[in-house]
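>>> A structural model of the following input is requested.
(chains A, B and C)
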Amino acid sequence: MASLTSRRRLASILAVVVVADVVAVVLASSAHAALLSVVMITIALGGAAAATTPGLRAAHPVTWRATLCAALVAATLWLTFFLPATTNFNLATGASMSIVLLGLSFLTGASGQISLGNGAFMGVGAFAVAIWANHHSSTPIIVTLLIATACGAIVGLLLGLPATRLRGPYLAGMTLAFAVAFTAILGSFNSWTGGDSGLQLPVALTPPRWIVDLFHSGTEILTTNSMWLADISILVTGVAFFFMANLFASRTGRAMRLIRDNDVAAELVGISLPRMRVLAFTISSAYAALGGGVYALINNAVSPSTFTFPLSVTILSLIVIGGIGTIPGALIGGIIYAYSANVISWITNNSGLNPQGNLASQLNGIIFGALLIVTMLFAPLGISGSVHRMWRSRREHRRG
Amino acid sequence: MISITGLNVNFGAVQALRDVSMRAETGKITAVLGANGAGKTTLLRTISGLKEPSSGSIDFEGTALVGQRPENIARRGIGHVPEGRGVIGEFTVEENLRLGAMTAKVNLHEGLDEQYARFPVLGERRRQHAAKLSGGERQMLAMARALIARPTVLLLDEPSLGLAPLVTAQLMHLIHDLCASSGLTVILVEQNASSALRIADNAVVLHLGNVVANDTATTVAADDKLRQYYLGMVE
Amino acid sequence: MDPFLTSRFVTDLLGGLTNGVEYGLVALSLVLIWRSTGILNFAQGAMPMFATYIGMGLLSYHVGYWPCVAISIAAGFAIGGVTERVLVRPLYGKPEINPIVVMVGYLIVLEGVAAAIWSTTPRSLPIPFSPIEWQLGGKPIALSPFDVYVIVTGVIVMTAITILFQFTKLGLQLRASALAPEVSRLLGVRVGRMLTLGWMISTAVGTVTAVLVASNFFTGLTPQVMDSIFAFGFIAAAIGGLDSPVGALVMGIVLGIVLQFVTDYLNSNSVIIVALVMLIASLMIRPSGIFTRNASRRV
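Predicted structure coming up:
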């Protein structure tokens, strides 16, 4: 690494970090807050510095991704310490949704297939977490989330194996049928899934004592809880994004993109089409389930009425708007999801619509459906994809 | 008469036809020759409106064809037997012919009788699915389907492809007779230059999208350089 | 007093037949559009639903039942045509997922707008025939005048479609446009118009189905009324083979009957699950469909 960073650069980075730390200590409200700030800022700035080291991306891409993720996660975590409860809650929700979107982005972008059942897969993960927690409440969160992810992968394999081998809309239709069937499936296992009212998690997710003491002693429980939820979500999201970024860039990821663009060529090169497609679908379902699991933890309860077919369509809209096949697109979609309810109620209140009326209650569906159509027709690359394309053509323009 | 002036056709960055100008005289057979990739099929597809040129004009009886839809160009009486014949395998022989007669103002039964008389084999197989026909029979079906609409112009894209020499000879004979008897204007694209030149009145030779020769068939056939380089005719 | 006719077996058989006809009609519409445009129309349930609301909404203006049905079907034609020209045209030649995504968005928008205009409260429609089952010696057979109406309508529609496609000039052009669009153009067929017409016919067939489905006394007309029918219709079409109209119809009826047995011997929740399992099994065993001739569907 020494060959990639000059001594002068190291010195200036060190200087910036020290200054930032000193400022944080001075402004901190308590010794504990100061300590935590210093740690977070060092990681964030250090990670950012490492990530922007020229040449690192090309030479050690995995390390680069790790430092970038670490920097972003640390920066966001640090933010959560100061944000109000509602914002943290939205952040947590957005994070959980972005994990789901990441899976779908991968599926559509990397392998050109589409799933209309991600809402149901989210439900698989959410209910897996809820059911497990109700029977084994002492399992650490990570294990529970891994179980949820595994459940998603298994169901994904079950559905994907028959459907992805075929050209055509079979996977789309299959996942649609699954999405429609999910409520009935939950209903069939009433005793496990709690029927119409769903399940509560037995133990709410609360921060351990030492964090509470460390930072927010004296602050409301709600604020600390929301912060903790946001932190967990962000950490899981960071890890999920890290793995996905590596997958995108790996041989497997490249193979999948080749299949998407030219499956005849892919076959000639010896790539097993069915296997890759099943793999892509299994991974995307696993991610959806993971997102659902986090969602369950955040809300501390799961209900069958959440994971409906319209949710699957909303998920699709979010990633289409954010940018199919991109990683930033998943983040953008997550943020949109977190604040869409607010935006829509703002529209309802400020446009003279009757908030109890028919139009108001349907606005969510109509807007997302319309955005889906319009985006697909006029800007199929989504926000992230279009920006990326503009960047690239500007760079080529400058070169040429 | 079809008159083509300064035609340029691109596929993205690849230029398939470069400043092509030629004429297909009424009632005559104009052969369009050249190696694979010379642009012959592109030329026919552009005339029929399946491909839009980047510049140039195509004139037919005083009307400009460029920019018109393929189905409208066909309805003007320009028949086109495409590369590979385009026979619809899932249809029967008779359904293919009915389709050909559909948009032309001809009496269906008269038309069918006429084509069955000209191609008795088709009459025998009229209820069979076209997928079951041999190569030569499919060529006949494709031609009959084009002819049933009583076109004034006939574009033929490599009709001899995949056919035995004897069948090819019969086919060329048929084309010549048709032209002579009904005043049909024919543009005949062929890789098999010798058989085409035998029945053609005029010939145009294309090479990588450029016109390298445009003269009477006899002149082109006698030109040794042309025969060697562009027509692959080794004597 | 024939015990056979009132037996459980025959009851399920007849009960499933009515549903099966409905699934078969939806499957048929899906196959028609798939064959002519290569697009799976996910809004195949929602578009007819909307047309039905338009037509049946006039009932409150004292328009008669049959005129309302006719208007619904006309609305179905119109919606199909407009949809093809506005939404579908730009999508030809684009990657496979684009039309899927757009039609799914369209489905949600249609359901949302219908709910906004007419609310989600189920509306019961008047029906021209009694839904009360006939009795044989005091025990009911699973067939009512309304069921016969559904079956007869289904048969009429299927026959009409078959005649149209197999025996008319228009049908020849429609089929040619689907099988070989470029060659058809060279023969003077206005392929673009044929495609639009294909969508119009398909949506009209769907609307007939929607009117029948929405006339069900117990569910009534809601924006979501066609959702599960669509799922079953798709499953029937997929199992029968997306290329085969006959397969779609037959599989639809078979599916309806099988699922009726499931409802009877298990419970109503299991119905969609069993259908899903059937789809999975069919795709594993005979992916191209039971009734298709060419098996070139594999990746």
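>>> next, the buried residues of stretch A:63-79.
A:64-79 (16 or more other Cβ atoms under 10 Å in any protein chain shown). Heads up, the C-betas are built off the backbone N, CA and C, glycines and all.
>>> what is the burial count for residue 246?
No chain in the question, so chain A it is. When neighbours are counted by other Cβ atoms under 10 Å in any protein chain shown, A:N246 registers 15.
>>> right idea, wrong chain: chain C
Using other Cβ under 10 Å, C:V246 is surrounded by 14 other residues.
>>> pLDDT wise, what is it at?
Predicted confidence (pLDDT) at C:V246: the value is 87.
>>> again, but for the one 10 residues further on
C:G256 carries a pLDDT value of 93.
>>> from memory it sits against C:V21, does it?
Yes. The pair C:G256 and C:V21 passes the contact test of Cβ atoms under 8 Å, sitting 7.0 Å apart.
>>> gap between the residue nearest the centre of chain B and chain A?
Central residue of chain B (Cα atoms, centre = their mean): B:L156, 1.3 Å from the mean position. Separation of B:L156 from chain A (Cβ to the nearest Cβ, to the nearest Å) stands at 31 Å.
>>> which phi and psi does that residue have?
The phi and psi torsions at B:L156 (degrees, to the nearest 10) take the values phi -120, psi 120.
>>> show me the buried residues of stretch A:63-79 that map onto helices.
Under the assignment DSSP state H, the buried residues of stretch A:63-79 contribute A:64-79 to helices.
>>> which among those residues gets closest to chain C?
Nearest to chain C among those, counting by Cβ to the nearest Cβ, is A:R65 at 27.4 Å.
>>> C:S228 in helix, strand or coil?
Look at C:S228: counting by DSSP: H, G, I helix; E, B strand; the rest coil, its state is helix.
>>> now the closest residue to it other than its chain neighbours, what's its secondary structure?
In space, and not counting its chain neighbours, C:S228 is closest to A:V180: 6.2 Å by Cβ to Cβ, 6 or more residues apart in numbering or on different chains. Using three-state DSSP, the structure places A:V180 in helix.
>>> who touches A:V180 in this structure?
Contacts for A:V180 (Cβ atoms under 8 Å, 6 or more residues apart in numbering or on different chains) come out as A:F309, C:D227, C:S228, C:A231, C:I272.
>>> ok, now which ones touch the closest residue to chain C within the stretch 1-150 of chain A?
Chain C sits closest to A:I114 of the stretch 1-150 of chain A, with a gap of 4.6 Å, by Cβ to the nearest Cβ. For A:I114, the contact set (Cβ under 8 Å, 6+ apart) comprises A:L107, A:T108, A:L171, A:A172, A:T175, A:L316, C:I97, C:I100, C:V101.
>>> among the residues you listed, which one has the most neighbours?
Busiest of the contacts of A:I114 [other Cβ under 10 Å] is A:L107, holding 32 neighbours.
>>> then that one would be within a strand, right?
No. Checked against three-state DSSP, A:L107 lies outside a strand; its state is helix.
>>> neighbours around residue 14, how many?
Just going to use chain A. 12.
>>> oops, chain C please
20.
>>> any idea how far chain A is from it?
For C:L14, the distance to chain A - Cβ to the nearest Cβ - is 24 Å.
>>> so residue 159 is in which element?
All of this is about chain A. In the assignment (DSSP states H and E), A:L159 maps to helix A:141-163.
>>> elements contacting that helix?
With contacts taken as 3 or more Cβ pairs under 8 Å, 6 or more residues apart in numbering or on different chains; DSSP states H and E, helix A:141-163 sits against helix A:118-135, helix A:170-188, helix A:273-299, helix C:270-285.
>>> which elements pack onto the last one?
Contacts of helix C:270-285 with other secondary structure elements, assessed using 3+ Cβ pairs under 8 Å, 6+ apart, are made with helix A:141-163, helix A:170-188, helix C:227-240, helix C:245-265.
>>> out of those helices, which is the most enclosed?
Counting by mean count of other Cβ atoms under 10 Å in any protein chain shown, helix C:227-240 has the highest mean neighbour count of those, with a mean of 27.
>>> now that one, how far from the centre of its chain.
Remark: helix C:227-240 is offset 9 Å from the chain centroid, using Cα atoms, centre = their mean, to the nearest Å.
>>> how far off helix C:245-265 does it point, in degrees?
Relative orientation of helix C:227-240 versus helix C:245-265 (axes from the mean of the first three to the mean of the last three Cα atoms, to 10 degrees): 120 degrees.
>>> what helices or strands is helix C:227-240 leaning on?
Under the contact definition 3+ Cβ pairs under 8 Å, 6+ apart, helix C:227-240 sits against helix A:170-188, helix C:8-37, helix C:245-265, helix C:270-285.
>>> burial check on the closest residue to A:P202 other than its chain neighbours, number of neighbours?
Leaving aside its chain neighbours, A:P202 sits nearest to A:S137 (4.8 Å; criterion: Cβ to Cβ, 6+ apart). With neighbours defined by other Cβ under 10 Å, the count for A:S137 comes to 11.
>>> for the chain, what's the longest helix?
You didn't pick a chain, so chain A it is. As assigned by DSSP H, the longest helix anywhere in chain A is helix A:221-249.
>>> wait, chain B was what I had in mind.
In chain B, with assignment by DSSP H, the single longest helix is helix B:165-182.
>>> so where's chain B uncertain?
Within chain B, the set of residues satisfying pLDDT under 70 comprises B:230-235.
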